[in-house]
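In: okay, predicted coordinates and the sequence, questions at the end:
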Amino acid sequence: MMRLLLLLLLGFLLFLAPGASGEWDLSESMTCLQDRLELELPRELGNYTWHVRAVDVSGEEMMSCEHAVDYEKLLLSALLVNCTSLEHGQYQLRLLLLLNGTAGEERNVTYSAHCSAAHGDEIIAPLFVGETNCTKDSMAVTFPGPSLSDEHLVQVAVLTGTLTIDDGIKVHQLSLGEAMQHGYSFLADGHHLVFQAAFTATGVVSYKHNHKALYTAALKLMYGPPEHRLTVESRMLCVPGPVFCNTTHMTVAIPAFPGTLMAVAVEDETIPMDQLQDKGITLKTTVGVELHVSRRVLKSTLHGESCPRVQSYLSSLKLTFHFHEETVAMVMYPQCPCDQLTPIAAACTRDGYMDFEVLAGSTTPPLVLDTLRLRDPTCKPASRSPLNDRAWFHVPLSGCGTRYWLEGEKIMYENEVRALRSDSVLHRISRDSEFRLTVLCSFSNGDASVSVRVDNPPPLAASTNQGPLSLILLSYPEDSYRQPYHDDQYPIVRYLQQPIFMEVQVLNRNDPNLYLQLDDCWATALEDPKSLPQWNIVVDGCEYEQDSYRTVFHPVGHGVSYPNYRQRLEVKAFAFVSGDKALPGLVYFHCSVLICSRFQLDSPLCTARCPRLPRRKRGSGMLGASSVVSLQGPVLLVPHGWAAARGGTLLSKVVWAAVTATAVGVFSLTAVMLLFMDLLKCLKRRALMVNVVY
């Protein structure tokens, strides 16, 4: 019994031993069919755990090979042209067997087999290549090629065959020589053939929308000698870009076409479609396909003179689509344009850098970029713009004074760039702005986040006076603020609690760094803003808390010119009272305003925080520090009961009757006074004549 076991073990070890070429030849166990091959594997494999892969002559796995294994029958079946290479007129199959023994030992064994020339003319099944290598200039596919002695890429001029391209309207059939004249080229490296197509080549179809383009070509290539002719089919697909980048992400945009996105792979990692958001990728399919890739997923590199800035990119992006009942894929290499003008606020990259830029216009006066310093003053900006208006920093997380610490499961990195007068040479004057920017990177479970804090000490106070403000206070019939009331429409008539829409404007100013801030708004019974009585509607830029009907502030949209020079508010109509009764009458509205700078907050009122602490009562002198503007005309406020008590007479008739009666009364009084003065003059004249006669 022991002798039998030893013989079996010896036989299996002899089986596993490679031949003279380093491979075990199983050609006698292989059957070549019309479109595939079948290989009987050694029976001894039933005692092992094993996996098998198809490899090429260099030992690299053939990813396009689709094979099936019957582990009970130990039978392997594979497509012939996908899993073999054409060598010396024969289709060679190489298998790498990964063995795991019962004792835990591991061993790799390479087997080979081939179909003889007698079977070669029966092989007519085409090889389908579904992955396109996409660049900005062309698209290409790679498939098994003829065996050439030169290992370098050379243009193939010795191939014979035909190329067929179907563009959906017409089928173009070209010889390989003609194809080279119509935008196609062929390159070979000894074991693979690279078929390349220009975007303008014959039969290439394009889908375009809003500067986005996708190119595709359905082709069939037949090449090789007649006795061993190989047929390759492919549906090429390519989006050459460019991509669009901003401070937060890269956008890959694909125009609408009859394809459905099935899979996304970044570098070597395939991301399930339901996990894209977790991996920093947002997918939008409203019009075409848009992939928004977070900057934390991107890598970065510092280019030389051709690109004097930090550039973000992806090593590779593979997109797989279901297109015309086929599964096709394209591999692209997106990178942010070098001449992208969108500011990069900050980004922390997975390869260990924090990238950010500083604009000279970040301060007033503009920042002198030569004064910028990192914590390690020997570290300088990575590059500057040709106009010297911005500097880019590419700071390693392990250098340049970068600090790090742990917060729970997060690791934090922090550095700052600054330009302070205290860093300058002593005993000299300076008109340069001060600046401090702190960048904080946070890493947790491979995800990176970034935060930026800018602390700008205020510049020196200006020594010039901008002169008086040109202001106007307008009233509008509705909250759309489209067309204000004209001068001839005053007084405006309002019932109690009806809304009054008003807007304060600054005229003849266009500085975007300044903005209008309300100080106080109030109403008076007389035209003089300082007259009494008064009623507050805005106090210190906030609603008047003692009013049961609070003032409402309306936002100013961007559909108007210089929205920073406008403030809009809504007030409920009211009336001054005599005793406990509201009386109809004219009310005048006034506002005091300030002009604030975004870089220098001269007054606490320039920070819009409500409610505020009590500041002062009107008349304490603050009006002299702000400018006052009054509504162009009065508002006639009428109580509801005043009109109802008169039988429901129309308000407009009652109001204008009252105004007319008042005007008639004033006119009559003026006429009486004029007549009385004329009568006195006449009596004096008669008295003088009497004196002369006597």
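Out: Structure's in. What do you need? Numbers count the residues shown, from 1 in each chain.

In: give me the neighbour count for residue 45.
Out: 18 (other C-beta atoms under 10 Å). To be clear about C-beta, it is placed using only N, CA and C from the backbone, and glycine gets the same treatment.

In: touching, it and residue 72? I think so.
Out: No - using C-beta atoms under 8 Å, residue 45 is not in contact with residue 72; the gap is 11.5 Å.

In: for residue 541, give its distance to residue 591.
Out: For residue 541, the distance to residue 591 (C-beta to C-beta, to the nearest Å) stands at 11 Å.

In: just residue 503 next, same as before
Out: For residue 503, the distance to residue 591 (C-beta to C-beta) stands at 10 Å.

In: need the pLDDT of residue 236.
Out: pLDDT recorded at residue 236 is 93.

In: for it, helix, strand, or coil?
Out: The local conformation at residue 236, judged by DSSP: H, G, I helix; E, B strand; the rest coil, is strand.

In: residues contacting it?
Out: By C-beta atoms under 8 Å, 6 or more residues apart in numbering, the residues touching residue 236 are 132, 139, 141, 197, 215, 216, 217, 218, 219, 328.

In: go again with 6 Å.
Out: Neighbouring residues of residue 236 by C-beta atoms under 6 Å, 6 or more residues apart in numbering: 132, 139, 217.

In: what kind of secondary structure is the closest residue to residue 291 other than its chain neighbours in?
Out: Counting by C-beta to C-beta, 6 or more residues apart in numbering, residue 291 lies nearest to residue 252, which is 4.4 Å off, once chain neighbours are set aside. Secondary structure, three-state DSSP: residue 252 is strand.

In: separation between residue 252 and residue 239?
Out: Distance, residue 252 to residue 239, using C-beta to C-beta: 7 Å.

In: confidence score at the nearest residue to residue 419 once chain neighbours are set aside?
Out: Of all residues not flanking residue 419 in the chain, residue 371 sits nearest, at 3.9 Å (C-beta to C-beta, 6+ apart). Here the pLDDT value assigned to residue 371 is 83.

In: same check on the one 4 residues further on?
Out: On pLDDT, residue 375 comes in at 88.

In: tally up the residues packed near it, please.
Out: Other residues close to residue 375 by other C-beta under 10 Å number 15.

In: close enough to count as contact, it and residue 403?
Out: No - counting by C-beta atoms under 6 Å, residue 375 sits too far from residue 403 to count as a contact (7.8 Å).

In: average pLDDT across whichever strand or helix holds residue 143?
Out: Residue 143 is part of strand 138-144, with elements assigned from DSSP states H and E. Across strand 138-144, the average pLDDT comes to 85.

In: residues near residue 311, how many?
Out: Using other C-beta under 10 Å, residue 311 has 21 neighbouring residues.

In: now it: how far from residue 547?
Out: Residue 311 sits at a distance of 58 Å from residue 547 (criterion: C-beta to C-beta).

In: and for residue 519?
Out: Counting by C-beta to C-beta, the separation of residue 519 from residue 547 is 17 Å.

In: okay, these two: which has more neighbours?
Out: residue 519 (21 against 16).

In: which residues does the closest residue to the more buried one other than its chain neighbours contact?
Out: Nearest non-adjacent residue to residue 519, counting by C-beta to C-beta, 6+ apart: residue 592, 4.2 Å away. Contacts for residue 592 were tallied using C-beta under 6 Å, 6+ apart; they are 519, 520, 623, 626, 628.

In: how far off strand 138-144 does the strand or helix carrying residue 93 point, in degrees?
Out: Take DSSP H and E as the rule and residue 93 turns out to sit in strand 90-100. Here the directions of strand 90-100 and strand 138-144 differ by 80 degrees (axes from the mean of the first three to the mean of the last three C-alpha atoms, to 10 degrees).

In: and strand 90-100, what does it pack against?
Out: strand 49-54, strand 84-87, strand 106-115 (3 or more C-beta pairs under 6 Å, 6 or more residues apart in numbering; DSSP states H and E).

In: wait, doesn't residue 41 sit right on residue 74?
Out: Yes - look at residue 41 against residue 74 with C-beta under 6 Å: they come within range, at 4.2 Å.

In: neighbour-wise, which of these two wins?
Out: Each of residue 41 and residue 74 has its neighbours counted (other C-beta under 10 Å); residue 41 has more, 21 against 16.

In: check contacts around that one.
Out: By C-beta under 6 Å, 6+ apart, the contact set of residue 41 is residue 74.

In: could you check how far it is from residue 84?
Out: According to C-beta to C-beta, residue 41 and residue 84 sit 17 Å apart.

In: just residue 299 next, same as before
Out: Distance, residue 299 to residue 84, using C-beta to C-beta: 37 Å.

In: the more surrounded of these two?
Out: Taking other C-beta under 10 Å, residue 299 and residue 84 do not tie; residue 84 has more neighbours (26 against 15).

In: show me what that one is bridged to.
Out: Counting by DSSP bridges, residue 84 is bridged to residue 93.

In: kindly report the same for residue 140.
Out: Bridge pairing for residue 140 - DSSP bridges - gives residue 133, residue 196.

In: for it, give me its contacts.
Out: Contacts here follow C-beta under 6 Å, 6+ apart; on that basis residue 140 touches 133, 194, 196.

In: with residue 549 instead?
Out: Counting by C-beta under 6 Å, 6+ apart, residue 549 touches residue 572.

In: what of residue 31?
Out: Residues near residue 31 by C-beta under 6 Å, 6+ apart: residue 38.

In: which element is it on?
Out: Element membership for residue 31, per DSSP H and E: strand 30-32.

In: what's the following helix or strand after that strand?
Out: Where DSSP H and E defines the elements, the next helix or strand beyond strand 30-32 is strand 36-40.

In: for that following strand, what is the average pLDDT?
Out: 79.

In: what is that strand packed up against?
Out: Where contact means 3+ C-beta pairs under 6 Å, 6+ apart, strand 36-40 is packed against strand 30-32, strand 75-79.

In: of residue 503 and residue 591, who's got more company?
Out: More crowded of residue 503 and residue 591, by other C-beta under 10 Å: residue 591, with 24 against 18.

In: could you give the number of residues near the closest residue to that one other than its chain neighbours?
Out: Of all residues not flanking residue 591 in the chain, residue 521 sits nearest, at 4.2 Å (C-beta to C-beta, 6+ apart). Residue 521 sits with 25 neighbouring residues when counted by other C-beta under 10 Å.
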